[in-house]
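**Student:** Provided below are the primary sequence and the corresponding predicted coordinates.
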Amino acid sequence: MQEQWDVASSEVTSGSRLSFHCWPSSRLEATRCVAPIGALYTPLKKLPPNCAPPTALQYDPVRCSTATCHAVLNPYCQVDFRSKLWVCPFCLTRNHFPPHYAENMSETNLPAELIPQYATCEYELPSVPDMGPPAFVFVVDTCSHAEELAELADSLQQALNLLPEDSLVGLITFGTNVQVHELGFEGIPKAY
């Protein structure tokens with residue numbers, strides 16, 4: 001009997017939900033995919049300690065060398081420890097590890113990005129200056145029943161309470177028309 005895929009536990013451990021359970025292993029299989037491949041990621045999600053590195057990685061990620069791909073090294077990559085190469089699961093390109101990875105890496109001494117239970121890694125990029133507070137944009141479909149909109153308003157309020165204090169927040173609603181709401185003023189609400 002085939003083991004069932006537990007989507008909820010996968011979401012708890014990685015902060016992401018995927019539209020697929022099996023990645024295509026060849027270009028031919030990829031062309032035969034009926035549903036689009038997609039992922040939803042939950043930013044700022046507090047993950048269990050065994051599911052992500054304890055702190056942000058203090059270096060730039062290792063990226064695929066293909067000019068159109070630039071995927072990041074992850075536990076789903078195939079790794080050849082003898083020749084110090086990794087295969088990108090998106091474009092199937094063989095990439096060399098940087099020297100500082102290749103020197104110290106083995107099957108028993110993996111970098112954080114390749115540890116199977118670390119499907120989510122956070123990076124603090126030394127090459128990118130601090131860009132200010134995080135920004136969040138909520139996009140809401142207003143073509144719903146009044147009860148659903150009331151529940152949605154409650155959910156949005158809960159989400160707003162979980163955001164960092166210095167966050168920038170935007171709201172876009174759409175129904176018959178699309179409206180961009182300016183949230184900075186209490187007295188005079190504006191919508192465009």
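**Tutor:** On my side now, so go ahead. Residues are numbered from 1 along each chain as shown.

**Student:** Just want the most central residue of the protein.
**Tutor:** residue 41 (4.0 Å; C-alpha atoms, centre = their mean).

**Student:** That one and residue 109, how far apart?
**Tutor:** Distance of residue 41 to residue 109, given as C-beta to C-beta, to the nearest Å: 28 Å. Bear in mind the C-beta positions are built from the backbone N, C-alpha and C, glycine included.

**Student:** Which strands and helices lie in contact with the lengthiest helix in the chain?
**Tutor:** Secondary structure of the chain per DSSP state H: the longest helix is helix 146-162. Judged by 3 or more C-beta pairs under 8 Å, 6 or more residues apart in numbering; DSSP states H and E, the packing partners of helix 146-162 are strand 135-141.

**Student:** picking that back up, look up the residues forming beta bridges with the residue nearest to the centre of the chain.
**Tutor:** Here residue 41 shows beta-bridge partners residue 16, assigned using DSSP bridges.

**Student:** lowest-pLDDT helix or strand in the protein?
**Tutor:** In the chain, no helix or strand scores lower on mean pLDDT, DSSP states H and E than strand 190-191, which sits at a mean of 66.

**Student:** Now do residue 51, the pLDDT please.
**Tutor:** On the pLDDT scale, residue 51 is placed at 82.

**Student:** how far off strand 135-141 does the longest helix of the chain point, in degrees?
**Tutor:** Here helix 146-162 points in a direction 180 degrees away from that of strand 135-141 (axes from the mean of the first three to the mean of the last three C-alpha atoms, to 10 degrees).

**Student:** neighbouring contacts of helix 146-162?
**Tutor:** With contacts defined as C-beta atoms under 8 Å, 6 or more residues apart in numbering, helix 146-162 is touched by 138, 140, 142, 144, 169.

**Student:** so what's residue 59 up against?
**Tutor:** 123, 126.

**Student:** State whether it is indeed within a strand.
**Tutor:** No: Residue 59 is assigned coil when assessed by DSSP: H, G, I helix; E, B strand; the rest coil, not a strand.

**Student:** Quick one: low-confidence residue ranges for the chain.
**Tutor:** Within the chain, the segments meeting pLDDT under 70 span 1-7, 21, 23, 185-192.
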